[in-house]
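*Asks:* What follows is a predicted structure for the sequence shown.
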Protein chains: 2
Amino acid sequence: MIETRLIPRTSSAYSPPLLVSTLLKQTDRYNPHREIVYRNLFRMNYHEFNKRVRRLANLFTKLDIRPGDMVGVMDWDSHRYLECFFGIPSYGAILHTINVRLSPAQILYTINHAEDKVIFLHEDFIPIIEAIRDKITTVKTFVILSDKVYTEPKEDLAVASFPTAGEYEALIAQESDQYEFPEFDENTWATTFYTTGTTGDPKGVYFSHRQLFLHTMGLVSYFCGYRALPFTEQDVYMPITPLFHVHAWGFPFVATLLNNKQVYPGRYEPEMLLKLLLQEKVTLSHCVPTILNMLVSSPVATKVDLSNWKVIIGGSALTSGLAEAASALGITVTAGYGMSETAPIMSVAHLSETEQTLPLDEQLQYRIKAGRVAPFVDLRVMDDEGYFLPHDGLSVGEIVGRGPWMTQGYFKDPENSEKLWKHGWLHTGDVGHIDDKYYLTISDRAKDVIKTGGEWICSLDIENLISQVEGVGEVAVVGVPHVRWGERPYALVVAKASHVNNLTAEAISENLRQQVQEGGINKWYVPDHIVLVNEIPKTSVGKIDKKKIRNDLKGQIQG
Amino acid sequence: MIETRLIPRTSSAYSPPLLVSTLLKQTDRYNPHREIVYRNLFRMNYHEFNKRVRRLANLFTKLDIRPGDMVGVMDWDSHRYLECFFGIPSYGAILHTINVRLSPAQILYTINHAEDKVIFLHEDFIPIIEAIRDKITTVKTFVILSDKVYTEPKEDLAVASFPTAGEYEALIAQESDQYEFPEFDENTWATTFYTTGTTGDPKGVYFSHRQLFLHTMGLVSYFCGYRALPFTEQDVYMPITPLFHVHAWGFPFVATLLNNKQVYPGRYEPEMLLKLLLQEKVTLSHCVPTILNMLVSSPVATKVDLSNWKVIIGGSALTSGLAEAASALGITVTAGYGMSETAPIMSVAHLSETEQTLPLDEQLQYRIKAGRVAPFVDLRVMDDEGYFLPHDGLSVGEIVGRGPWMTQGYFKDPENSEKLWKHGWLHTGDVGHIDDKYYLTISDRAKDVIKTGGEWICSLDIENLISQVEGVGEVAVVGVPHVRWGERPYALVVAKASHVNNLTAEAISENLRQQVQEGGINKWYVPDHIVLVNEIPKTSVGKIDKKKIRNDLKGQIQG
């Protein structure tokens, strides 16, 4: 940074910080009559949404939540979650979007690590909390989110075996809808969540108000300004990437700011998703390939008109097969690239003017790419020594980035934080190249990570577990392609010499299933294939050569 | 501001500042083949534009311009001006957009007050500089901008009687097109210009990089996100509000960011404007009503197709008569509201969904309004004691504002800076009301200001001058409507008792014209009407009642 001359400041002059509440304040200006819908259970307009968020803020005060406190949410995608998206940060507290698909042990880890003070808990997850309640160290109370309050006649609410503050609707109904959100430093911590991407324990990423504001502006610029996506304020938006997954890729902030009609589908059930899609005339969604595949494969899909539906695909690569299947149903698909650490948008398959003039089927080859680098994001190709490689579409290296919305580290993990930001650039762990038109191609996946059904699992974790089974000498786990889940773990195991004759794949599998039952790992951690081999391929420096393993397995496996 | 918990920072982590160079860096990404055109003289694409801006930065180094230095520009609207818009701030210096329509004495004042070090000077303004050269205190050198370098065969360049560094094209041709713009504090001073809005001496407003970045994002959100204007990246943009006028309302930053094709018309000549409009297929412009009136009244206008042209009108109120005349030619007009102090956008006549469904002629009543408050701008109605009045569409008070892009004061003028920001809100000096749908109505104009041909002149200045004429006792100047110029000054004069029989309007007029010739004031300061009266209306507290004067004159005067 060079020294420059700053603007003079008049003592009475006011310069507002960039806050989540700044976004919120715009949301009842232009189209406050537009609706926010929750399944077939609840609907409101933006005026009411604003009032409810202010009621929620008054509830925070009553629950003794203070600025800087961590507030967890365990919910399916709902209007209440959206209220927490805006209400918790705007209040000055920190929204912890708890990943409800982690194992109970990992959920416990994230709650304690984040030091959640209050948790907004959907009744479906009461059993999880009951199982770990005794080990939760910081949570003072829970607010129950129940769908039963929206049904007529009213059903009985689920009862938890632990004390709670009460049910959400009943609690906010008691509060005033008047609340003036405070102003504070825009570098205030707004959100946090945990990623299981690369090593054993989940790692907490975090974003400031300024970062969320600028991510929203970045998406508005890219989608509406450059028209990288055909996203307008008249779209009807329904997320099909959970809100706990990197802020549902930031779309709820954009859609709320622009007063889009929004549809929140709760727990993802194919029938409900399709029903909402049609009834509410949804035009814009985003999801991982697995979910798109599930919807496209549904028998209902061919019987209905999906030609107004645009879907942004991320999380893992969009195959041309799936893109064609979706396209055949009239769905417009576009790929994007991002990660938990980057809030997440880094690129979108933004077609050039020439490419846009092609017939839709010919556009697909461009639409399934990782896309072109998003505005304000600076992506580079870096070699192992930290030098930049040219953007010639040929030079392959690690993709590293900078931008106004990248996590500044991992919470309470200085070592991995420094690794993430080595040489001052955020390391994606992905390998690829960039061309002179800002097209990004990811040529190889982050080495040790397997993505299954939209969830990241770490092959190192599974290796650690298998390595602890009696008789196991060496183990290597890689991801192999799977039609339904995207990828599934595949394990190669070398028995200890002493156990060559009595170690079986079944014994290893049984051991892992036992750990699933005990809540240590989730069931999708158990490899579909565990194969005993004599030797595991190694690189020239003696490291396990996963690239070779994956290559050897190519064509051999079909899930 | 309340105390909150800031995001943890990892020492290697990088968080980029919001700079003008951040905008510049996006401009060769997506549509670098689009063109920037200057009259019928010069055209380039965005790749070349980027290279030229970097050449310019290398020239700055050679001219010994340093970060924090003030660099003036005196030019008509050109591609070179656009290069200065991006190059000067990106380099860390400050762009002073000198208002070339001020009188030579005022131009001198602004150059010395801003402490310009170098001036980029169009050859047309060499005579002005020659007239004031001896009194300029800080300028080390001039770079000459000549249109003659673009003609074939080459004409001789204009020669100045004072030393210059040379001609722009020749100078940048010698420089490398490689230059890495530095990063620095986003609160660095980026631009400055002088407003003659409210008191005698021009007052300098100033904007930081952060403010310009956020103003650009605000416009992208409002225009492309909310579709308050039908502005897309495919529009062909041509400013008809000078670049020295509040950054041409910020549109060049938006258009450049989005890679719009841009057309710069140089000096505004109706024939050239219409020619460019048609030849380059311009779809989007902005101007003051006077200019629109001039174009609409041109005999050529009825013979050509203007139905793809959208015009944003600001600077003064758009009359329904003019809006109808423009509309009859197929032009889509939309009004906006802003001022020098606010970068400038505060509101745009953003039609609601219902209003948009009306036939175009019925939409006009909404399109000519000051519009709806722009996103991220907070406008309020304040009474004389500093209390807010309700947004009920009835309560009238001064319009005050806050937002991310408002000048934080007047340069070297702490007293007026504090007045501007009294109670922590920027005082527009305009009187109006706001309704619950964020519609703003300006019901009365800033008291003592007259807008003529897009220029602000201060009635107090004219009063001061007239009051100095021998025999003048009392004087009041108000603005009266004028078909061509929007408004013209009208003077009421009471002779001193000793001069009742020999003071004439002609003598006063002659005195003022003399001062025009001497360069003290500009010719449009001379009132069209100077009327000798026995008495000037006063308010109950004895102040001159300008409102009554204006009312009395209503209907009586037609320019």
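*Replies:* Good, I have the coordinates.
*Asks:* Grab the most central residue of chain A for me.
*Replies:* The residue lying closest to the centre of chain A (CA atoms, centre = their mean) is A:His245, at 2.2 Å.
*Asks:* Let me know whether that one touches A:Asn99 as I believe.
*Replies:* Yes - the criterion here is CB atoms under 8 Å, and A:His245 meets it with A:Asn99 at 7.4 Å. For glycine as for every other residue, the C-beta is placed from the backbone atoms N, C-alpha and C.
*Asks:* Now do the shared contacts for those two.
*Replies:* Taking CB atoms under 8 Å, 6 or more residues apart in numbering or on different chains as the contact criterion, the common neighbours of A:His245 and A:Asn99 are A:Phe193.
*Asks:* what residues are up against the residue nearest to the centre of chain A?
*Replies:* Taking CB under 8 Å, 6+ apart as the definition of contact, the neighbours of A:His245 are A:97, A:99, A:193, A:454.
*Asks:* Nearest to chain B among these?
*Replies:* Chain B lies nearest to A:Phe193 out of those, by CB to the nearest CB, at 13.6 Å.
*Asks:* What residues are bridge-paired with that closest one?
*Replies:* According to DSSP bridges, the residues that bridge with A:Phe193 are A:Val205.
*Asks:* pretty sure it is touching A:His96, no?
*Replies:* Yes - counting by CB under 8 Å, A:His96 is a contact partner of A:Phe193 at 6.7 Å.
*Asks:* Show me which of these two is the more surrounded one.
*Replies:* With other CB atoms under 10 Å in any protein chain shown as the criterion, A:Phe193 and A:His96 differ in neighbour count, and A:His96 comes out ahead with 29 against 25.
*Asks:* Then the more buried one would be within a strand, right?
*Replies:* Yes - under the criterion used here (DSSP: H, G, I helix; E, B strand; the rest coil), A:His96 sits inside a strand.
*Asks:* Tell me if I'm right that it and A:Asp75 touch.
*Replies:* No - A:His96 is beyond contact range of A:Asp75, at 12.0 Å (criterion: CB under 8 Å).
*Asks:* for the record, mean pLDDT for the helix ranked longest in chain A?
*Replies:* As assigned by DSSP state H, the longest helix anywhere in chain A is helix A:46-62. The predicted model assigns helix A:46-62 a mean pLDDT of 98.
*Asks:* Now do the helix or strand that that helix is followed by against helix A:46-62, angle only.
*Replies:* For helix A:46-62, the succeeding helix or strand toward the C-terminus, using DSSP states H and E, is strand A:70-74. Between the axis of strand A:70-74 and that of helix A:46-62 there is an angle of 130 degrees, by axes from the mean of the first three to the mean of the last three CA atoms, to 10 degrees.
*Asks:* any residues touching strand A:70-74, and which ones?
*Replies:* Counting by CB under 8 Å, 6+ apart, the neighbours of strand A:70-74 from elsewhere in the structure are A:60, A:65, A:81, A:84, A:88, A:93-98, A:100, A:107, A:111, A:114-122, A:125, A:128-129, A:138-139, A:192, A:244.
*Asks:* could you pick out which of those residues are near chain B?
*Replies:* Among those, the residues that sit close to chain B (CB under 8 Å from any CB of the partner chain) are A:Ile94.
*Asks:* So among the contacts of strand A:70-74, which ones count as buried?
*Replies:* A:60, A:65, A:81, A:84, A:88, A:93-98, A:100, A:107, A:111, A:114-122, A:125, A:128-129, A:139, A:192, A:244 (16 or more other CB atoms under 10 Å in any protein chain shown).
*Asks:* neighbouring strands for the helix-or-strand element of chain A with minimal mean pLDDT, and are they parallel or not?
*Replies:* Scoring the helices and strands of chain A by mean pLDDT, DSSP states H and E places strand A:455-458 at the bottom, with a mean of 73. As defined by DSSP bridges, the strand partners of strand A:455-458 come to strand A:449-452 (antiparallel).
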